[in-house]
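> Build the 3D model from these lines:
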Amino acid sequence: MKYSWRVAQEALRLVPAVQGGFCKAIKDFIYEGFTIPKGWKMYWTVNSTHQNSEYFSNSEKFDTSRFEGAGPLPYTFVPFRGGPRMCPGNEFARVEILVFLHDIVKNIQWNLVNPGSIDRSHYLCCFQTEDL
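Numbering: from 1, shown residues only. From the prediction side, this is the model:
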């Protein structure tokens, strides 16, 4: 299940379930030459972190090895936000994702539509082998 979870993490990194959230500035600060006053609300997007090549090399590539060992730096992979505002259901979501993946792998038979093709244009087709 460790590899399955790394696949799920990389999928959440590339296509996060939640696109972002609002934050309130707790003090004045300067960001890229712009002064943000205390009390202003800002919208932070998950992709601005997950797709940042400073944190993830080849950020557009699907690579599960990013999550091996210690994994990414703290607060660089935040599909469920982080700190005191972390989603309280994040562990439940993790279990749900893993159960879903297990069910898909065990109960669906996958075949390549174009088995001789090696390029990125081949597609998968699936059909149910048992009642889910």
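> Low-confidence stretches in this structure?
Along the chain, segments meeting pLDDT under 70 span 114-132.
> Counting by contacts, list what the helix ranked longest in it packs against.
In terms of residue count, the longest helix belonging to the chain (DSSP state H) is helix 90-107. When contacts are defined as 3 or more CB pairs under 8 Å, 6 or more residues apart in numbering; DSSP states H and E, helix 90-107 sits against helix 2-14. (Each C-beta comes from the backbone N, C-alpha and C, glycine too.)
> in the helix or strand following the helix it packs on, what counts as buried?
Moving toward the C-terminus from helix 2-14, the next helix or strand (DSSP states H and E) is strand 20-24. Across strand 20-24, burial judged by 16 or more other CB atoms under 10 Å covers Gly20.
> Direction included, what does strand 20-24 pair up with?
With DSSP bridges as the test, strand 20-24 is paired with strand 41-45 (antiparallel).
> need the next SSE after the partner strand, C-terminal direction.
As assigned by DSSP H and E, the chain's next helix or strand after strand 41-45 is helix 46-50.
> what about dumping the CA coordinates of that next one to CSV?
Taking Å, rounded to 0.1, in the frame of the first residue of the first chain, the C-alpha atoms of helix 46-50 are listed here in CSV:
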residue,chain,number,x,y,z
VAL,A,46,-2.5,24.8,-4.1
ASN,A,47,-1.0,24.6,-7.6
SER,A,48,1.2,27.6,-7.0
THR,A,49,3.0,25.4,-4.5
HIS,A,50,2.6,22.0,-6.1
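> now it, how far from the chain's geometric center?
Taking the mean of its C-alpha atoms, helix 46-50 sits 9 Å from the chain's own mean (CA atoms, centre = their mean, to the nearest Å).
> Could you list every helix and strand in contact with that helix?
Under the contact criterion of 3+ CB pairs under 8 Å, 6+ apart, helix 46-50 touches strand 20-24.
> what sits up against the strand it packs on?
Here strand 20-24 makes contact (CB atoms under 8 Å, 6 or more residues apart in numbering) with Gly39, Trp40, Lys41, Met42, Tyr43, Trp44, Thr45, Val46, Asn47, Ser48, Arg81, Arg85.
> between these, which has the most around it?
Of the contacts of strand 20-24, Val46 is surrounded by the most neighbours, 21 neighbours in total, counting by other CB atoms under 10 Å.
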